[in-house]
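1. Here is a sequence with its predicted model. Questions after.
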Amino acid sequence: MTFKILAKDGRARTGVLKVNGRKAETPFFMPVATKGTVKFMSPFDLKEAGVQALISNAMILSFKPGLDLIKKFNGLHNFTKWDGIQFTDSGGFQMSSPSLFISIDDKAVQFRNPFTKQRMTLTPEKCMEIQIDLGSDVAMCLDHMPHPVTDSKQFISNATRRTSLWAERCKKHHDELKKKTKSNQLLFGITQGGLDKNLRKQSCLDLNKINFDGFAIGGLGMGETKKQAYSVVDYSEKF
């Protein structure tokens, strides 16, 4: 991976991200392709629209069409016919879905497969294995995403602590998998903390101790105001 800054204006910047022979000029808009595709748009439509990167849901893809089928195509790029940069998220966002989420503790999170209704245990380690099998360019850590508005401070504090704990487990197992499979996949950490700046700072500091390839600011866009979201992003960026 290389990331080259091309221009700066105060704290704003433009650059180019290169990974696995693919590149994207930053900042870029990254459409959500939950099941590997953006609804109502083909890969050709996306290219014509100037899209440079997509993000798919690793857990949902592992349910359907399933890892075995995607691996037969030698990974998500060939399966979807998308040759831009491919991100995969952990599936942790589905903790906000009552129909999918069952329970959580420090060991793992329990989900219900929406297609078969079977119970599925997702650990940080399992999350990394799924994303390595998918062959995306950038994988995301499994994090505990609390609701920034409706959850209590104590709940958000515990979710932030768990996110840091899981980040360490993700990085350790991902390193092992990369060595074993000779993968060049990147791994990004995700910070949490709701709207509490002290928790956000602690989350950023915790994750900065881990040698991630990049970072995401998680847990926003869930009912907070734009002003609140922008404030969290602005504050987190300092660390």
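-> Okay, I see it.
2. What residues of stretch 89-107 count as buried?
-> The neighbour-count check on stretch 89-107 (16 or more other CB atoms under 10 Å) flags 89-95, 100, 104 as buried. Yep, even glycine has a C-beta here, placed from its N, CA and C like the rest.
3. Straight-line length of it, end to end?
-> 19 Å (CA to CA, to the nearest Å).
4. For Leu69, list the residues it contacts.
-> Contacts for Leu69 (CB atoms under 8 Å, 6 or more residues apart in numbering) come out as Phe79.
5. Also Lys35?
-> Neighbouring residues of Lys35 by CB under 8 Å, 6+ apart: 56-57, 60-61, 64.
6. can we see that at 6 Å?
-> Not one residue lies near Lys35 by CB atoms under 6 Å, 6 or more residues apart in numbering.
7. Are we agreed that Ile102 is in a strand?
-> Yes. Ile102 sits within a strand when classified using DSSP: H, G, I helix; E, B strand; the rest coil.
8. any idea how far it is from Leu220?
-> Applying CB to CB, to the nearest Å, the value for Ile102 to Leu220 is 24 Å.
9. Could you confirm Asp151 falls within a helix?
-> No. Assigned with three-state DSSP, Asp151 falls outside any helix and is coil.
10. what about it, how many neighbours?
-> 17 (other CB atoms under 10 Å).
11. and what of His174?
-> Counted with other CB under 10 Å, His174 comes out at 25.
12. residue boundaries of the helices in this protein?
-> Taking DSSP state H as the test, the helices found in the chain are 43-48, 58-61, 67-72, 76-80, 124-134, 153-181, 197-208, 226-236.
13. With distance to Thr191 and mean pLDDT as extra columns, can I get those in CSV?
-> CSV is the format used below for the helices of the chain (distance: least, CB to CB, whole Å; pLDDT from 0 to 100):
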stretch, distance to Thr191, mean pLDDT
helix 43-48, 28, 93
helix 58-61, 19, 95
helix 67-72, 28, 95
helix 76-80, 25, 95
helix 124-134, 16, 97
helix 153-181, 7, 97
helix 197-208, 4, 97
helix 226-236, 6, 96
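14. Let me have these in TSV, extended by distance to Gly214.
-> Converted to TSV, these look like this (distance: least, CB to CB, whole Å):
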stretch	distance to Gly214
helix 43-48	22
helix 58-61	17
helix 67-72	24
helix 76-80	19
helix 124-134	14
helix 153-181	12
helix 197-208	11
helix 226-236	14
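15. Any idea which of those helices gets closest to Phe28?
-> Taking CB to CB, helix 43-48 is the member of the helices of the chain nearest to Phe28, at 12.1 Å.
16. can you give me the offset of the closest one from its chain's centre?
-> 23 Å (CA atoms, centre = their mean, to the nearest Å).
17. Go through that helix and flag the buried ones.
-> Buried-residue list, helix 43-48, by 16+ other CB under 10 Å: 43, 46.
18. which residues are contacting that helix?
-> Contacts for helix 43-48 (CB under 6 Å, 6+ apart): 81-82.
19. Using PDB, write out every CA atom in that helix.
-> Below are the C-alpha coordinates for helix 43-48, written out as PDB (Å, rounded to 0.1, in the frame of the first residue of the first chain):
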ATOM      1  CA  PRO A  43     -19.900  -2.400 -12.400                       C
ATOM      2  CA  PHE A  44     -19.800  -0.600 -15.700                       C
ATOM      3  CA  ASP A  45     -22.300   2.000 -14.500                       C
ATOM      4  CA  LEU A  46     -20.200   2.600 -11.400                       C
ATOM      5  CA  LYS A  47     -17.100   3.100 -13.500                       C
ATOM      6  CA  GLU A  48     -18.900   5.600 -15.700                       C
END
